[in-house]
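Engineer: Sequence first, then the predicted structure, then my questions.
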Amino acid sequence: MADAGASVPDAVPGHKYQFNVSMSCGGCSGAVERVLKKLEGVQKYEVSLETQTATVFADESLPYEKVLRTIAKTGKKVNSGEADGVAQSVDVPAE
């Protein structure tokens, strides 16, 4: 018998981070997708060249700053960002 409370995706605790990223081609959005795919703590992500956005659903343990720094390492300009609906700085913190 299955546990009724097991693995309900919408109930998973975590963060939703959203970034506006300057991406001019499929290679640009592909670069962002590749780094997010490898980042530990990312549950799911959506990168859109059309809307110039990267949305990241992350574990509680993955801080906004680490996701921002990871996207910035691709060389793409992050224009704005928010964590759980609250605007955040896009100044890349030192490691």
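Structural biologist: Yep, it's here.
Engineer: Can you give me every residue that contacts V21?
Structural biologist: Counting by CB atoms under 8 Å, 6 or more residues apart in numbering, V21 makes contact with 32, 47, 52-54, 71, 76-79. Every C-beta, even on glycine, is put in place using the N, C-alpha and C of the backbone.
Engineer: from those, which ones fall inside helices?
Structural biologist: Among those, the ones falling in helices (DSSP state H) are 32, 71.
Engineer: Export the contacts of V21 as TSV, with columns for pLDDT.
Structural biologist: Output for the contacts of V21, formatted as TSV (pLDDT from 0 to 100):
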residue	pLDDT
V32	98
V47	98
Q52	97
T53	98
A54	98
I71	97
K76	95
K77	96
V78	97
N79	97
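Engineer: Now do the residue nearest the centre of the chain against M23, distance only.
Structural biologist: The residue lying closest to the centre of the chain (CA atoms, centre = their mean) is V56, at 2.9 Å. Going from V56 to M23 by CB to CB, to the nearest Å gives 15 Å.
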